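1. what would the 3D arrangement of this be:
(4 chains)
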Protein chains: 2
Amino acid sequence: MSRHPQLDLDAQLCFPLYAASRAVTRAYGPLLAEFGLTYPQYLALLALWDEGEPMTVGELGGRLCLDSGTLTGVLKRLEQAGFVTRRRDADDERRVLVTVTIAGQDLQDRVADVPSRLVESLGLNATESRQLRRLLRSLLDRLDAEVPASTSD
Amino acid sequence: MSRHPQLDLDAQLCFPLYAASRAVTRAYGPLLAEFGLTYPQYLALLALWDEGEPMTVGELGGRLCLDSGTLTGVLKRLEQAGFVTRRRDADDERRVLVTVTIAGQDLQDRVADVPSRLVESLGLNATESRQLRRLLRSLLDRLDAEVPASTSD
DNA sequence: CGCAATCTAATTGTATCCAATTGAATTGAG
DNA sequence: CTCAATTCAATTGGATACAATTAGATTGCG
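-> From the prediction side, this is the model:
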């Protein structure tokens, strides 16, 4: 109906990507609520478990593509819940070091089956999953290259 | 490093999907700011141009997979900017009818090249785009089917 | 050493998101 | 017609997102 076919919602990549991302986040909601976690909080823990500790807020932001403005709130709530601790780096008072607590480590085992429970509900087979992951990765690499830390100029 | 390989951030679908979606939204930011639009506001206009008017908030929400809590704010700001009007349906006072203004229609021509400008920066070829769109659509269909209006039980 | 660039996280302000509740309107069974 | 169930959007409350600014700390040039 649009005067411009290229403005059709579904003909573009952006809307399906946007809607699918929100749908997956929504799907995680009930699973993570069992542990008192939100989706970004869960991702922050995945990064911490993965990368090893302590991590600075900046490092975590780089891993998750989230800025400090967002992470400060996420991490404060994770601290409030008792899953991480935040403290200034004695060597560089500008940095804040994030460490996982014992309770946070315990959580790792308890959420171990969350990914499989969710992937199951997505209904994609192994080939489709791999393909989708590859395409998204390619997209991300391309977009990250757009906004580098201004290596020149 | 994680005790559970399935908890690796990049091994899952959810994180690349989440990060890619935010990266694309970020990439749209500067392009849409030229017209005084945010990304969800742009999507709402795409839906209105596409589906024809007037549309109720509920219909728009169905098309964009957004609930009224989100759309109320988005539409109020679009109204404030002069791109749409909101009025109660005389036939059913519960409904709010959204109509695009002349200024909103004019915008359609002015943003017509935004998708191509963005797709260009994504750097995906036609085959990859089609594949990605198909996989995301498949994902969406699967997830929508999860939370129907409780057809049974 | 002195101090201007730089770096890091927090803060601020605007805009989403969504679950849950509210309130007004409509529908439908009796 | 009557009232309980349902529908629809708005409101409320909590949690992101992110740009821009701020404040404190560190670095490095002279």
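
2. where does whatever residue of chain A ends up closest to chain B land on pLDDT?
-> Residue nearest to chain B within chain A: residue A:21 (3.5 Å; C-beta to the nearest C-beta). Where C-beta positions appear, they are placed from N, C-alpha and C, glycine not excepted. The per-residue pLDDT reported for residue A:21 equals 95.

3. excluding residues flanking it in the chain, which one is nearest it?
-> Nearest residue to residue A:21, sequence neighbours excluded (C-beta to C-beta, 6 or more residues apart in numbering or on different chains): residue B:21, at 3.5 Å.

4. the residue of chain A closest to chain B contacts residue B:24, doesn't it?
-> No - counting by C-beta atoms under 8 Å, residue B:24 is not a contact partner of residue A:21; they are 9.3 Å apart.

5. please report how far whatever residue of chain A ends up closest to DNA strand D lies from residue A:58.
-> Residue nearest to DNA strand D within chain A: residue A:69 (2.9 Å; C-beta to the nearest atom of the strand). Residue A:69 sits 12 Å away from residue A:58, going by C-beta to C-beta, to the nearest Å.

6. which one's more surrounded, those two?
-> Between residue A:69 and residue A:58, counted using other C-beta atoms under 10 Å in any protein chain shown, the more crowded position is residue A:58 (14 against 8).

7. is that one located within a helix, as I assumed?
-> Yes - Residue A:58: assigned to a helix according to DSSP: H, G, I helix; E, B strand; the rest coil.

8. quick check: closest non-adjacent residue to it.
-> Residue A:58 sits nearest to residue A:68 (C-beta to C-beta, 6+ apart), 6.9 Å away.

9. which residues touch that neighbour?
-> Residues near residue A:68 by C-beta atoms under 8 Å, 6 or more residues apart in numbering or on different chains: A:57, A:58, A:61.

10. of those, list those near DNA strand C.
-> A:57, A:58, A:61 (C-beta under 7 Å from any atom of the strand).

11. just give the nearest non-adjacent residue to the most centrally placed residue in chain A, would you?
-> Chain A has residue A:43 as the residue nearest its centroid, 4.2 Å off, counting by C-alpha atoms, centre = their mean. Spatial nearest neighbour of residue A:43, excluding adjacent residues (C-beta to C-beta, 6+ apart): residue A:64 at 5.8 Å.

12. quick check: that neighbour touching residue B:19?
-> Yes - the criterion here is C-beta under 8 Å, and residue A:64 meets it with residue B:19 at 7.4 Å.

13. looking at the two, which has the bigger crowd around it?
-> For residue A:64 versus residue B:19, neighbours defined as other C-beta under 10 Å are more numerous around residue B:19 (24 against 21).

14. report the contact partners of the more buried one.
-> A:64, A:65, A:136, A:140.

15. roughly how far apart are the residue of chain A found nearest DNA strand C and residue A:104?
-> Nearest to DNA strand C, among the residues of chain A, is residue A:58, at 2.6 Å (C-beta to the nearest atom of the strand). Between residue A:58 and residue A:104 the distance, using C-beta to C-beta, works out to 20 Å.
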